[in-house]
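Student: Predicted model and sequence follow; I will ask about them next.
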There are 2 protein chains.
Amino acid sequence: MHGRPSSLLPQTLTVQLAERSYPILIGPGLLGSADSYAGLPRSRMAAIVSNETVAPLYAQALADALAARHERVIQVVLPDGEVHKDWPTLDRIFDALLAEGCDRQTVLYALGGGVVGDMTGFAAACYMRGVPFVQVPTTLLAQVDSSVGGKTAINHPRGKNMIGAFYQPQAVVCDLDVLDTLPERELSAGLAEVIKYGPIADPAFLDWIEANIAALRARDKAALAHAVRRSCEIKAWVVGQDERESGLRAILNFGHTFGHAIEAGLGYGHWLHGEAVGCGMVMASELSARLGLMPASFVDRMRRLIERAGLPVQGPPLGASRYLDLMRVDKKNEGGQIRFVVIEALGRAGLRAVPDALVVEVIEACTA
Amino acid sequence: MHGRPSSLLPQTLTVQLAERSYPILIGPGLLGSADSYAGLPRSRMAAIVSNETVAPLYAQALADALAARHERVIQVVLPDGEVHKDWPTLDRIFDALLAEGCDRQTVLYALGGGVVGDMTGFAAACYMRGVPFVQVPTTLLAQVDSSVGGKTAINHPRGKNMIGAFYQPQAVVCDLDVLDTLPERELSAGLAEVIKYGPIADPAFLDWIEANIAALRARDKAALAHAVRRSCEIKAWVVGQDERESGLRAILNFGHTFGHAIEAGLGYGHWLHGEAVGCGMVMASELSARLGLMPASFVDRMRRLIERAGLPVQGPPLGASRYLDLMRVDKKNEGGQIRFVVIEALGRAGLRAVPDALVVEVIEACTA
């Protein structure tokens, strides 16, 4: 660690969930270091679940770091992309685990982005009714959002993340060095979830992101370290308050209702999840303004920041009725009404049922 | 209730699991009575999940009893049989729920035997990451065993119940009257799980079953009421001690390791689960004797009772090596060793790793 600025010393946060509490490790060089996994369950068998993009880059380093903890570490390599976040791909994990004789003590390591993390977590939740798993996120989006909090799922043709479980990992290991290999488009997608934390929880963080968006896009390590740490702090706090999304946790879905409709409407994989969320936040900001909660200047501010992050700010032309149909299956809905996360004041979000007519106005204002 | 013997008054037991505690109602006439569901969550939508055998008999009566609790009660009718306890059938539940716009408050009612209960419970565990569900078991086996305790699962081609979740119902409603329509073979299959509770937990109950096996097979209501109640008491106690099978709960799998191998080896659906468990208990008793834990007379006693219950006592000739292969994927195994529930003393069971050679002896002694 010689010569590293203090902002790059490894940090450990904790997600406070009583007997399900777990650490989030953040720092450079963590993935390949055996120390990162100290304190986790040992077992005869372990499985690294990754995809064909990430596995060639990091699976061997992870396997080497785990060699002293498990007699055998198998690898399950999935096809890459949101379009594969489905049952047949999930079943490939089960097939491999059963073929290799993996028992109920087997530890799964999710090595990849949000898709790998969500699928590996759901596989861990279901395999023999539950085995331990560890998140080793390799995208910015997974490090700042999807790897923390225990939401796992696969998509259903009728809706995103419709089949899943709340199932917490044993630990999250965020190695900042792996962000070096992230394609630029994926980096921007991750920034969408970083930006999200500002308006819903922390105005000062929003200011900081605005001041540092160029450094973040240039992958300045200290800037990334701060962005990951502050994002994880906020996420860990929210999850600790409301593990199973009975209330507060829904605010983390700011921009996601519109975003999920964009993803599903275009077909999974056309836009990245973070791209859809970026654009969805512009729409949800517009909605907050039209509800009279926020000034128009807030929408402009969000649109400009999201654009500077390299993200789309105009929704695809699916047509308002298609948007509405797609949003009707959202998990946050209740009693047949679509509910949206809106910004009530800078740093505070809430969940509101909104009349269709107003939603249509927002869609028409914000799509091509 | 006029004129009913006291043994037929409705009884309520409780599965004690802190905030996940729930009642088991046992008695005649419960399924079609709105009172049975008082205190359960109300919601706009509900879904009765059943199969093509049970739905025509009882789905309408259940829907009528629920009419005041839910605005809309949809029905999902699955094909009947263990062979359908798989992903494509589970996905039919998800399809129906999503097509009908069922939200995260939707209550699922499992109306049927063990297969329907296991699948509906797993669907409830996964749909939008968890919705409430209620067990309305219509087979003896489901009433005395599978509907209580929150084990849910589907089968995988490589092993039974390999993909599932621990997910507790809101209530279990055991209507003794529905046993009137149960085919004789299914009644016997249910008796296997009743008999199980004797050797693992309650020698006096084993005596009682022996004295009442003819009455049980003749569907004497008072005898069935006692059998269901005592079985549920024991099961509820065990589950309350060890919800997620970290230890004690495994004793409920007495006979199931051999039984699962029989089911998988013959192809699901050839033998009923209870038939395979009946035969599996003979084999596990034989194993207990060969380990020197129990006298040979215990094996004779178990074999005779299981035979009197109308169950097979000789395993199918799969060959010892096939049995071993099938048992190697059992969830109770650890470190590559097959572990069996054995009887250590009448009323007390334990889990033991057993050398293959001894298992082969048992298989050879107990199969055709």
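Tutor: Now that the structure is in, tell me what you want to look at. None of these values were measured; they are calculated from a predicted model.
Student: wait, does the lengthiest helix in chain A contact chain B?
Tutor: If you go by DSSP state H, chain A has its longest helix at helix A:221-241. No - among the residues of helix A:221-241, none lie within reach of chain B under C-beta under 8 Å from any C-beta of the partner chain; the closest is 13.4 Å away. The way it works is simple: take the backbone N, C-alpha and C, and place the C-beta from them, glycine included.
Student: Quick one: list the elements packing against that helix.
Tutor: strand A:11-15, strand A:22-27, helix A:140-141, strand A:172-175, helix A:184-201, helix A:203-217 (3 or more C-beta pairs under 8 Å, 6 or more residues apart in numbering or on different chains; DSSP states H and E).
Student: Tell me the residues on chain A that lie near chain B, please.
Tutor: Proximity of chain A to chain B, by C-beta under 8 Å from any C-beta, involves residues A:44, A:87, A:91, A:94-95, A:98-99, A:101, A:103-105, A:125-130, A:151-153, A:156, A:158-159, A:161-166, A:244-245, A:328-329, A:331-336.
Student: List the buried residues of whatever helix or strand A:A357 lives in.
Tutor: Element membership of A:A357 [criterion: DSSP states H and E] is helix A:356-366. Going by neighbour count (16 or more other C-beta atoms under 10 Å in any protein chain shown), the buried part of helix A:356-366 is A:V359, A:V362, A:I363, A:A365, A:C366.
Student: Same check on stretch A:124-134?
Tutor: A:A124, A:A125, A:C126, A:Y127, A:M128, A:R129, A:G130, A:V131, A:P132, A:F133, A:V134.
Student: So which of these are in helices?
Tutor: Judged by DSSP H, helices contain the following of those: A:A124, A:A125, A:C126.
Student: now the strands: where do they sit in chain A?
Tutor: A:11-15, A:22-27, A:43-51, A:70-78, A:107-112, A:133-137, A:151-156, A:159-166, A:172-175, A:339-345, A:348-353 (DSSP state E).
Student: In JSON lines: these, plus distance to B:S21 and mean pLDDT.
Tutor: Putting these into JSON lines (distance: least, C-beta to C-beta, whole Å; pLDDT from 0 to 100) gives the following:
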{"stretch": "strand A:11-15", "distance to B:S21": "26", "mean pLDDT": "95"}
{"stretch": "strand A:22-27", "distance to B:S21": "26", "mean pLDDT": "97"}
{"stretch": "strand A:43-51", "distance to B:S21": "32", "mean pLDDT": "97"}
{"stretch": "strand A:70-78", "distance to B:S21": "37", "mean pLDDT": "98"}
{"stretch": "strand A:107-112", "distance to B:S21": "31", "mean pLDDT": "98"}
{"stretch": "strand A:133-137", "distance to B:S21": "28", "mean pLDDT": "98"}
{"stretch": "strand A:151-156", "distance to B:S21": "26", "mean pLDDT": "96"}
{"stretch": "strand A:159-166", "distance to B:S21": "20", "mean pLDDT": "94"}
{"stretch": "strand A:172-175", "distance to B:S21": "32", "mean pLDDT": "98"}
{"stretch": "strand A:339-345", "distance to B:S21": "30", "mean pLDDT": "97"}
{"stretch": "strand A:348-353", "distance to B:S21": "29", "mean pLDDT": "96"}
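Student: of the ones you listed, which approaches A:A63 most closely?
Tutor: Among the strands of chain A, strand A:70-78 comes nearest to A:A63, with 4.9 Å by C-beta to C-beta.
Student: Just checking: what are the partner strands of that closest one?
Tutor: Sheet partners assigned to strand A:70-78 using DSSP bridges are listed as strand A:43-51 (parallel).
Student: Pull the distance from the strand it pairs with to the chain's centre.
Tutor: Using C-alpha atoms, centre = their mean, to the nearest Å, the mean C-alpha position of strand A:43-51 is found 21 Å from that of the whole chain.
Student: Residue of the stretch 201-350 of chain A closest to chain B, please.
Tutor: Proximity to chain B, evaluated over the stretch 201-350 of chain A using C-beta to the nearest C-beta, is greatest for A:K331 at 4.5 Å.
Student: Which residue is the nearest non-sequential neighbour of that residue?
Tutor: Nearest non-adjacent residue to A:K331, counting by C-beta to C-beta, 6 or more residues apart in numbering or on different chains: B:M128, 4.5 Å away.
Student: what's the answer for A:R69, then?
Tutor: Nearest non-adjacent residue to A:R69, counting by C-beta to C-beta, 6+ apart: A:R42, 5.2 Å away.
Student: mind checking how far that neighbour is from chain B?
Tutor: Note on A:R42: its distance to chain B, by C-beta to the nearest C-beta, to the nearest Å, is 12 Å.
Student: Settle this for me: that residue is touching A:E71, isn't it.
Tutor: No - contact between A:R42 and A:E71 fails when scored by C-beta atoms under 8 Å: they sit 9.5 Å apart.
Student: how is chain A carved up into domains?
Tutor: As given by automatic domain parsing, the domain ranges for chain A are A:6-181, A:184-366.
Student: Hmm, A:N51 and A:A59 touching each other?
Tutor: No - the pair A:A59 / A:N51 is not scored as a contact, 9.9 Å apart, by C-beta under 8 Å.
Student: For those two, list the residues in contact with both.
Tutor: With contacts defined as C-beta atoms under 8 Å, 6 or more residues apart in numbering or on different chains, the residues shared by A:A59 and A:N51 are A:V77.
Student: residues touching A:A96, list them.
Tutor: A:A47, A:I74, A:V76.
Student: In space, what's closest to A:L40 - neighbours in sequence excluded?
Tutor: If you skip the residues right next to it in sequence, A:L40 has A:Q170 as its closest partner in space, 5.3 Å away by C-beta to C-beta, 6+ apart.
Student: if I look at the one you found, how far off is A:Y109?
Tutor: The span separating A:Q170 from A:Y109 equals 10 Å under the rule C-beta to C-beta, to the nearest Å.
Student: neighbour count winner among these two?
Tutor: A:Y109 (32 against 19; other C-beta atoms under 10 Å in any protein chain shown).
Student: Across the sheet, point out what pairs with that one.
Tutor: A:Y109 forms beta bridges with A:I48, A:V134, as assigned by DSSP bridges.
Student: thought it was touching A:V136?
Tutor: Yes - under the criterion of C-beta under 8 Å, A:Y109 lies in contact with A:V136, with a separation of 5.7 Å.
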